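Colleague: Need the 3D shape of this:
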Amino acid sequence: QVQLVESGGGLVQAGGSLRLSCAASGRPISTAHMGWFRQAAGKEREFVAAIRSSGGITYYGDAVKGRFTISRDNAKNTMYLQMNSLKPEDTAVYYCAANTLLSGPADSRFYDTWGQGTQVTVSS
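Modeller: Next up, the predicted model:
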């Protein structure tokens, strides 16, 4: 069973950047699709980005395309989310997740392990 711990959240002004990290233990992340999701207050959980177990194919939600980049370092067993050109509407709790079923990389229903989340707040 994999355990996930996010870090890197915080407060940033609009137009700024943050890099989130998701450190995994208990299982190599190379054996799972890995994803980022977010949930803003009063809203449903939203898909942000995912990267396949092979590491070669990535997926992005429409709201973040061109601004966010997902990556993974298998040697460090860590996944990252580089967030640039941040907007106030990016404010949310960001969760990393592992999909060991290797199905539906953009579908939260297939993710079986979740981190505790990290808060990202973008001020205008």
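Colleague: Please make it C-alpha for all contacts and neighbour counts, starting now.
Modeller: Noted.
Colleague: Would you mind measuring from the residue nearest to the spatial centre of the chain to Ala49?
Modeller: Centroid-nearest residue in the chain: Trp36, 2.2 Å away (criterion: CA atoms, centre = their mean). Per CA to CA, to the nearest Å, Trp36 is found 5 Å from Ala49.
Colleague: Next: Asp90.
Modeller: From Asp90 to Ala49 the distance is 13 Å (CA to CA).
Colleague: With neighbour numbers in mind, choose between the two.
Modeller: Ala49 (25 against 20; other CA atoms under 10 Å).
Colleague: I'd guessed that one sits against Gly61; true?
Modeller: Yes. Here Ala49 lies in contact with Gly61, judged by CA atoms under 8 Å, at a distance of 6.1 Å.
Colleague: Now Met34: which helix or strand?
Modeller: strand 33-39 (DSSP states H and E).
Colleague: Skip ahead from that strand and say which helix or strand is next.
Modeller: Using DSSP H and E, the helix or strand that follows strand 33-39 towards the C-terminus is strand 46-51.
Colleague: And that next one, what does it pack against?
Modeller: strand 33-39, strand 58-60, strand 68-73 (3 or more CA pairs under 8 Å, 6 or more residues apart in numbering; DSSP states H and E).
Colleague: Any chance you could give me it in CSV, C-alpha atoms only?
Modeller: Taking C-alpha atoms only, strand 46-51 is exported to CSV below (Å, rounded to 0.1, in the frame of the first residue of the first chain):
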residue,chain,number,x,y,z
GLU,A,46,-11.8,18.8,-9.9
PHE,A,47,-9.2,16.9,-12.0
VAL,A,48,-6.0,18.9,-12.4
ALA,A,49,-3.4,16.7,-14.0
ALA,A,50,-2.2,13.1,-14.3
ILE,A,51,0.8,11.2,-15.5
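Colleague: Show me what the residue nearest to the centre of the chain is bridged to.
Modeller: Ala49, Cys96 (DSSP bridges).
Colleague: same thing with Trp114?
Modeller: For Trp114, the beta-bridge assignment (DSSP bridges) gives partners Ala97.
Colleague: Let the chain start at 5 from now.
Modeller: Renumbered: residue one is now 5, and that last one reads Trp118.
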